[in-house]
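A.B. asks: sequence plus predicted model, see below.
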Amino acid sequence: MLQPKPPSAENNRRDHRGRCRGGPRMSFAVLFILLFCSATGLVRGEAWESPQDLTQLSIEELMQVEVITASKKAQAVWDVPASVYVVTAEDIQRFGVTTIPEALRLVPGVHVALQDSNKWAVAVRGFNGRYSNKLLVLIDGRVVYTPLFSGVYWDAQPPLFLEDIERIEVIRGPGATLWGANAVNGVINIITKSARDTQGSLLVSGGGGTDKAFGGVRVGGALGGNGYYRVYALYTGRDRLTQDEAYVPNHDDWQVRRGGFRVEWQRGAGERWTLHGEAYTGRAGQRLRIPDFASGWVRTVDDRYTTTGYYLMGTWNRERGSLTDTLHFYFDHYGRSPLEITEYRDTISLNWQQRVQTNGRHDLLWGVEVRRTRDHTQGRLIRLDPPSKTDHIFGVFVQDDLTLNDRLRLTLGTKLENNSYTAWEIQPNLRLLWKPNERTVWWGAVSRAVRMPTRVERSVQIDAYHEGVVEGLPLYSRLYGSPQFRSEVVTSYELGYRSRPHDRVSLEVSAFYNVYRRLRSFEPAEVFLEGEPTPHLIVPVYMSNKLNGRTYGFEVSARWNPTDWWSLQFGYANLTYRLQHEPDSRDPFQFHSDSTSNTPRHQWNLSSHWNLPRGWRVDAYLFFVDRLFGMDFLPSYYRLDVCVGWRPSRDVELSLMWQNLLRRDIREFEHPLWERDSIPERTVYGRLSWRFR
């Protein structure tokens with residue numbers, strides 16, 4: 001349809017202001033009642049403490065929190081020769097967020113931008129976009145990016161049952177030696193809790209503002225003497241946001257329903273099995289401005305599409321003295337039907353690894369992975385030739401941690417990987433960790449990683465933009481893939497420092513210098529005339545690899561616990577781009593060569609956490625995001641979130657979350673093609689969690 005006439009600005013302002021005014025009134029009324037009950041002693045309240053309350057841990061204990069993503073084995077954060085950050089279950093609970101992308105705002109070096117109510121742009125160390133193609137995202141080791149764009153459909157992944165998340169491990173920097181292609185700038189691994197840690201029943205309910213309604217139920221129990229299970233179901237519904245300063249509602253509401261299970265059991269002393277699966281269905285909306293060849297202009301379309309999917313995943317682990325064997329498999333299916341392109345995909349993956357520890361010096365890890373993915377597509381705006389394709393990935397990796405002495409450890413490894421587009425790729429890394437004393441760690445790394453081509457970059461046709469009028473004829477750009485598109489390559493140099501200068505203070509600094517080759521560029525060809533449905537001009541633009549560049553910067557993380565009931569955390573990230581096209585490139589975006597990243601140069605966040613008497617807690621978060629230069633200019637902004645929680649008993653928790661208290665009418669991201677972006681609103685929502693033991 002042609003672009004509709006928007007509702008009057010007066011009506012939209014009245015609707016928007018009414019929602020904002022009503023939300024805070026309700027929240028302050030609820031908060032007043034809770035405060036009154038606590039102050040008058042009507043409800044006694046439990047001291048604030050959760051099973052994994054890291055605000056109660058010392059700095060030394062925090063440094064001993066174990067991660068597995070950096071080395072595919074349990075390892076204390078303090079001993080990892082990589083830039084790693086852990087978002088714990090307690091962090092998610094205290095932050096009060098309802099989606100994984102929002103929780104990732106806590107991580108220095110990760111840029112999170114809300115595009116609309118159901119879409120986010122998430123990237124590590126630059127090159128952000130709707131489908132960030134240099135970031136690998138995993139859930140319990142299951143790859144969740146789409147090979148179509150090499151990005152993540154965040155509307156089809158989380159929200160998970162957030163109470164089931166044990167932690168989110170974020171590796172800033174290449175992780176391709178262990179995880180393979182696309183782990184170029186970082187790896188995000190969302191790790192869920194074991195069924196043993198989720199016994200009993202849990203009821204969660206809440207809503208308000210943008211998160212208009214969400215809720216879920218979980219039940220866990222024992223299976224004989226050696227097994228445990230949990231089953232769960234949840235619903236999330238998000239409201240529409242506004243698309244401009246006149247408060248015109250966008251068409252971006254979102255609903256999703258999920259259900260799943262996890263079963264685990266142990267056989268003997270050293271053998272464990274885990275099986276879990278999930279199914280989901282959802283509906284999401286979007287507003288598009290698409291080329292209209294009949295009118296010679298563009299038209300606005302309100303699109304509503306479905307997302308469905310399910311997966312089944314199993315893990316077998318056996319320990320025999322110095323040997324540990326792990327077998328991991330999964331089958332994943334999803335389907336989605338937005339106007340741009342309908343996609344159905346089946347993926348099956350099998351990987352096996354073995355850990356061998358010898359003579360106290362060598363800790364050897366090696367393994368094999370096979371993955372097969374088949375898609376079927378049907379596109380209106382994005383068309384692929386052929387519409388269906390099967391791709392294979394086969395990889396072999398080996399890595400050895402060599403203890404040179406009590407204070408020095410060397411890590412050497414490489415991965416050989418074969419894919420359907422560029423055949424064999426090699427992705428090595430070398431890392432060194434040095435402990436000059438018990439309170440200081442230095443580490444350095446040199447690594448190579450590749451991002452293999454996507455289906456889109458090899459075989460797509462996209463009607464992209466309306467460019468204007470030339471000699472009375474409308475001019476459109478059409479984007480084509482190229483069979484000659486090659487893998488993008490990065491060589492990364494990293495240096496890190498960790499310190500505990502005081503029992504209540506920790507500091508971590510990570511610096512990097514990345515050299516990129518064969519980055520994606522867009523090369524125009526000669527304009528031609530099309531006669532149907534009405535005469536118009538087409539400028540073809542082909543994807544190529546005529547862009548090279550460097551990025552460099554650093555991240556800082558600091559924590560200070562002034563008292564046993566108060567903690568402060570600070571994070572900062574700095575990023576600089578230097579991109580350069582090859583001499584024969586005709587890329588029209590060359591004048592943006594230092595700023596096409598859609599990633600801010602400066603970001604920082606400061607959070608304060610108080611555990612108060614009578615079961616109260618207060619958490620405040622202040623964020624700063626620098627301006628963006630990309631297809632458009634977006635100004636810098638500050639964001640303030642506050643979460644107040646109260647635990648009247650051991651099993652009941654209530655919380656109120658205020659978001660975006662400092663700002664309004666600030667867009668966080670611009671999509672380069674058709675989608676109409678939204679403006680994040682000031683919002684407030686409440687949440688109830690009730691455990692039944």
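C.D. replies: Yep, it's here. Since this is a predicted model, take the numbers as computed values, not measurements.
A.B. asks: now do the buried residues in the lengthiest strand in the chain.
C.D. replies: When the chain is parsed with DSSP state E, its longest strand is strand 536-563. Of the residues in strand 536-563, 536-539, 541-549, 551-559, 561 count as buried by neighbour count, 16 or more other Cβ atoms under 10 Å. Quick note: C-beta positions are derived from backbone N, CA and C, even for glycine.
A.B. asks: next helix or strand past the helix or strand Arg647 falls within?
C.D. replies: Take DSSP states H and E as the rule and Arg647 turns out to sit in strand 637-649. Proceeding N to C from strand 637-649, the next assigned helix or strand is strand 652-659, under DSSP H and E.
A.B. asks: so which elements touch the longest strand of the chain?
C.D. replies: helix 59-63, strand 460-470, strand 473-480, strand 505-524, strand 528-530, strand 566-581 (3 or more Cβ pairs under 8 Å, 6 or more residues apart in numbering; DSSP states H and E).
A.B. asks: got the angle between it and strand 505-524?
C.D. replies: Inter-element angle recorded for strand 536-563 and strand 505-524: 180 degrees (by axes from the mean of the first three to the mean of the last three Cα atoms, to 10 degrees).
A.B. asks: rewinding a little: tell me which of the helices and strands packed on strand 536-563 sits nearest to Val618.
C.D. replies: strand 566-581 (9.9 Å; Cβ to Cβ).
A.B. asks: got any ranges where the stretch 151-300 of the chain has weak pLDDT?
C.D. replies: Across the stretch 151-300 of the chain, the ranges flagged by pLDDT under 70 are 158-160, 244-246.
A.B. asks: circling back: strands paired with the strand holding Arg647, and their directions?
C.D. replies: Its sheet considered, strand 637-649 pairs with strand 616-625 (antiparallel), strand 652-659 (antiparallel) by DSSP bridges.
A.B. asks: out of those, nearest to Glu425?
C.D. replies: Nearest of the strands paired with strand 637-649 to Glu425, taken as Cβ to Cβ: strand 616-625 at 34.1 Å.
A.B. asks: could you point out which element follows that closest one?
C.D. replies: Next along the chain after strand 616-625, taking DSSP H and E as the criterion, comes strand 628-629.
A.B. asks: okay, now the unreliable bits of the chain?
C.D. replies: Within the chain, the ranges that satisfy pLDDT under 70 run 1-58, 60, 158-160, 244-246, 590-597, 630-632, 664, 672.
A.B. asks: quick revisit: select, out of the helices and strands packed on strand 536-563, the one closest to Pro428.
C.D. replies: strand 505-524 (15.0 Å).
A.B. asks: contact partners for Ile188?
C.D. replies: Taking Cβ atoms under 8 Å, 6 or more residues apart in numbering, we find Ile188 in contact with 104, 122, 124, 135-138, 168-171.
A.B. asks: could you redo the last one with a cut-off of 10 Å?
C.D. replies: Neighbouring residues of Ile188 by Cβ atoms under 10 Å, 6 or more residues apart in numbering: 69, 87, 100, 104, 107, 110, 122, 124, 135-139, 144, 152, 168-172, 175.
A.B. asks: just the buried ones from those?
C.D. replies: So, by 16+ other Cβ under 10 Å, the buried ones in the contacts of Ile188 are 69, 87, 100, 104, 107, 110, 122, 124, 135-139, 144, 152, 168-172, 175.
A.B. asks: count the residues that sit near the closest residue to Glu163 other than its chain neighbours.
C.D. replies: For Glu163, ignoring the flanking residues on the chain, the nearest one in space by Cβ to Cβ, 6 or more residues apart in numbering is Leu202 at 6.1 Å. When counting by other Cβ atoms under 10 Å, one arrives at 22 neighbours for Leu202.
A.B. asks: could you pull up the residues touching Leu202?
C.D. replies: Contacts of Leu202 by Cβ under 10 Å, 6+ apart are 161, 163-164, 216-220, 230, 232, 651, 689-693.
A.B. asks: that one pairs with what?
C.D. replies: Residues in beta-bridge contact with Leu202 (DSSP bridges): Arg218, Arg691.
A.B. asks: how close does it get to Pro147?
C.D. replies: Note on Leu202: its distance to Pro147, by Cβ to Cβ, to the nearest Å, is 35 Å.
A.B. asks: and if you look at Glu653?
C.D. replies: 40 Å.
A.B. asks: go on, Ile679?
C.D. replies: Distance, Ile679 to Pro147, by Cβ to Cβ: 32 Å.
A.B. asks: more neighbours: which of the two?
C.D. replies: Pro147 (24 against 20).
A.B. asks: ok, that one touching Arg451?
C.D. replies: No - contact criterion Cβ atoms under 10 Å: Pro147 and Arg451 do not qualify, at 11.4 Å.
A.B. asks: which residue ranges of the stretch 151-300 of the chain form helices?
C.D. replies: 176-179 (DSSP state H, counting those that start in this stretch).
A.B. asks: ranges for the strands of it?
C.D. replies: Secondary structure of the stretch 151-300 of the chain, counting by DSSP state E, counting those that start in this stretch: strands at 151-152, 165-172, 186-192, 200-208, 211-223, 227-238, 254-267, 271-292, 297-320.
A.B. asks: can I get those in a markdown table with distance to Glu457?
C.D. replies: Below are these laid out as a markdown table (distance: least, Cβ to Cβ, whole Å):
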| stretch | distance to Glu457 |
| --- | --- |
| strand 151-152 | 12 |
| strand 165-172 | 25 |
| strand 186-192 | 21 |
| strand 200-208 | 41 |
| strand 211-223 | 36 |
| strand 227-238 | 31 |
| strand 254-267 | 28 |
| strand 271-292 | 21 |
| strand 297-320 | 23 |
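A.B. asks: and of these, who's closest to Ser447?
C.D. replies: strand 165-172 (11.2 Å).
A.B. asks: what helix or strand is Gln378 located in?
C.D. replies: Here Gln378 is assigned to strand 362-379, by DSSP H and E.
A.B. asks: export that strand as CSV, just CAs?
C.D. replies: The C-alpha coordinates for strand 362-379 follow below in CSV (Å, rounded to 0.1, in the frame of the first residue of the first chain):
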residue,chain,number,x,y,z
HIS,A,362,50.6,-30.3,29.5
ASP,A,363,46.9,-29.8,29.3
LEU,A,364,46.0,-30.9,25.8
LEU,A,365,42.6,-30.4,24.2
TRP,A,366,41.7,-31.7,20.7
GLY,A,367,38.5,-32.4,18.8
VAL,A,368,36.5,-32.8,15.7
GLU,A,369,33.3,-31.0,14.5
VAL,A,370,30.8,-31.7,11.7
ARG,A,371,27.9,-29.4,10.9
ARG,A,372,25.3,-29.6,8.2
THR,A,373,22.7,-26.9,7.5
ARG,A,374,20.0,-26.8,4.8
ASP,A,375,17.8,-23.8,4.0
HIS,A,376,14.7,-23.1,1.9
THR,A,377,14.0,-19.5,1.1
GLN,A,378,11.4,-17.5,-0.8
GLY,A,379,12.0,-13.8,-1.1
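A.B. asks: got the buried residues for that strand?
C.D. replies: 363-365, 367, 369, 371, 373, 375, 377, 379.
A.B. asks: again with stretch 652-666
C.D. replies: Buried residues in stretch 652-666, defined by neighbour count with 16+ other Cβ under 10 Å: 652-661, 666.
A.B. asks: could I get those residues as JSON lines with distance to Gly531?
C.D. replies: As requested, these are arranged in JSON lines below (distance: Cβ to Cβ, whole Å):
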{"residue": "Val652", "distance to Gly531": "69"}
{"residue": "Glu653", "distance to Gly531": "65"}
{"residue": "Leu654", "distance to Gly531": "65"}
{"residue": "Ser655", "distance to Gly531": "61"}
{"residue": "Leu656", "distance to Gly531": "61"}
{"residue": "Met657", "distance to Gly531": "56"}
{"residue": "Trp658", "distance to Gly531": "57"}
{"residue": "Gln659", "distance to Gly531": "51"}
{"residue": "Asn660", "distance to Gly531": "50"}
{"residue": "Leu661", "distance to Gly531": "56"}
{"residue": "Ile666", "distance to Gly531": "44"}
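A.B. asks: alright, calling it a day.
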